[in-house]
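1. A predicted structure for the sequence below; I have some questions about it.
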Amino acid sequence: MSWEGNNQKTIASPIEYAGLALHSGKEVHIRCLPAEADQGVVFRRTDLVGKPEIKAEPASVVSTKRCTCIGLPETGVEVYTIEHIMSALWSLGIGNIIIEIDNVETPVGDGSALPFVKLLQTAGVKVLNSPRKVWKVKQAIWVKERDMSMVILPFEGFKISYTLDYEHPVIGTQFLEFDQDDNSYFNEIAPARTFGFEREREVLHRRGLALGGSADNAVLIGDQRTINPLRFPDEFVRHKILDVIGDMALNGFIAGHIIAIRSGHYLHVELAKKIKEQIDARGELVYDVY
Ligand SMILES: [Zn+2]
């Protein structure tokens, strides 16, 4: 993977992108700008007075309903659906960037991380003159909610073992292991699209959700088959791994082995918050463990 070198990274030049937002169905513009070392991933709402900024970190998360949403508490300033961009940034080792956005939600692209990976690759990666920080989990951390659970174990690298189990003939049980060391993100994970049920579409539309959702930006699941063709037989579990990576990127770069069962954004963020607590308490900072 393109994480060569031990230094922090940003993008080499500004780049723009426009596309539909999944929930509002509106066209959204983003502009990515290079940032300094240790600035982190910062979203800037250019459509609001004062252009308020929200840093992508566990404490900024204000909602995990159907996506990961960050915001400034008590101001109503929010950015929805950051997880696919976050996943793409992680894959390129980019930990510092300013993402200007003129709406409340990021563009959905094709429902995967691929458009963002390509966009960032077009901008190019710039190596900053400051060592990269990788937070190494030193003790196992668990989170659990109903039949969903997640654990991160100490591991010299970054690995995810994901079990998806959905009582639906099209999904069923899928298991996949992703190891950062295998350089498989770009071909095996980034193209995996988000998914939704055809039956739920109408209900969501009535609630003003998924208005931009279509077979162009999600796998639509019918009663017995998918409405549009899959990119991989196990595309669903691949997308779940894409989401876990995006949510874990709220802490920048971490080392550990994550075992997840049926988890969604809520549990991912709960885990990210507990990892942050451990980072703050122990300060287990290492460089270049990957
Ligand atoms: Zn997703």
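-> Here it is on my side, so go on.

2. burial check on the nearest residue to residue 147 once chain neighbours are set aside, number of neighbours?
-> Setting aside the residues directly before and after it, residue 147 is nearest to residue 262 in space (Cβ to Cβ, 6 or more residues apart in numbering), at 5.9 Å. (Each C-beta comes from the backbone N, C-alpha and C, glycine too.) Using other Cβ atoms under 10 Å, residue 262 has 18 other residues around it.

3. and what of residue 225?
-> Residue 225, neighbours per other Cβ under 10 Å, totals 10.

4. which one is it nearest to, not counting chain neighbours?
-> Per Cβ to Cβ, 6+ apart, closest to residue 225 is residue 170, 6.2 Å.

5. who in the stretch 51-200 of the chain is up against the ion?
-> By Cβ under 5 Å from the ion, the residues of the stretch 51-200 of the chain that approach the ion are residue 194.

6. ok, longest helix in this structure?
-> helix 265-282 (DSSP state H).

7. so where's the stretch 151-290 of the chain shaky on pLDDT?
-> Applying pLDDT under 70 to the stretch 151-290 of the chain picks out residues 283-290.

8. circling back: show me what contacts the residue nearest to residue 147?
-> Applying Cβ atoms under 8 Å, 6 or more residues apart in numbering to residue 262 gives the contacts 147, 148, 149, 163, 164, 165, 166.

9. tell me what the second one is bridged to.
-> So that's residue 148. residue 145 (DSSP bridges).

10. could you measure it against residue 271, distance?
-> 11 Å (Cβ to Cβ, to the nearest Å).

11. with the first one instead?
-> When distances are taken as Cβ to Cβ, residue 147 and residue 271 turn out to be 16 Å apart.

12. pick out whichever of those two has more residues nearby.
-> Taking neighbours as other Cβ under 10 Å, residue 147 and residue 271 compare with residue 271 leading, 27 against 8.

13. correct me, but that one touches residue 152?
-> Yes. If you go by Cβ atoms under 8 Å, residue 271 and residue 152 touch, sitting 6.4 Å apart.

14. what do these two both touch?
-> 141, 258.

15. where do the strands sit along the stretch 151-290 of the chain?
-> 158-166, 172-179, 195-197, 219-221, 253-261, 285-286 (DSSP state E, counting those that start in this stretch).

16. still on that earlier bit, also compute the angle for the longest helix of the chain relative to strand 253-261, please.
-> 140 degrees (axes from the mean of the first three to the mean of the last three Cα atoms, to 10 degrees).

17. which helices and strands does helix 265-282 pack with?
-> strand 61-63, strand 141-145, strand 148-153, helix 235-248, strand 253-261 (3 or more Cβ pairs under 8 Å, 6 or more residues apart in numbering; DSSP states H and E).

18. make JSON lines out of those and add distance to residue 108 and mean neighbour count.
-> Formatted as JSON lines, those follow (distance: least, Cβ to Cβ, whole Å; neighbours: other Cβ atoms under 10 Å):
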{"stretch": "strand 61-63", "distance to residue 108": "17", "mean neighbour count": "18"}
{"stretch": "strand 141-145", "distance to residue 108": "26", "mean neighbour count": "16"}
{"stretch": "strand 148-153", "distance to residue 108": "24", "mean neighbour count": "19"}
{"stretch": "helix 235-248", "distance to residue 108": "13", "mean neighbour count": "26"}
{"stretch": "strand 253-261", "distance to residue 108": "23", "mean neighbour count": "22"}
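
19. possible to save those as TSV with distance to residue 70?
-> Formatted as TSV, the helices and strands packed on helix 265-282 follow (distance: least, Cβ to Cβ, whole Å):
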stretch	distance to residue 70
strand 61-63	6
strand 141-145	19
strand 148-153	20
helix 235-248	11
strand 253-261	18
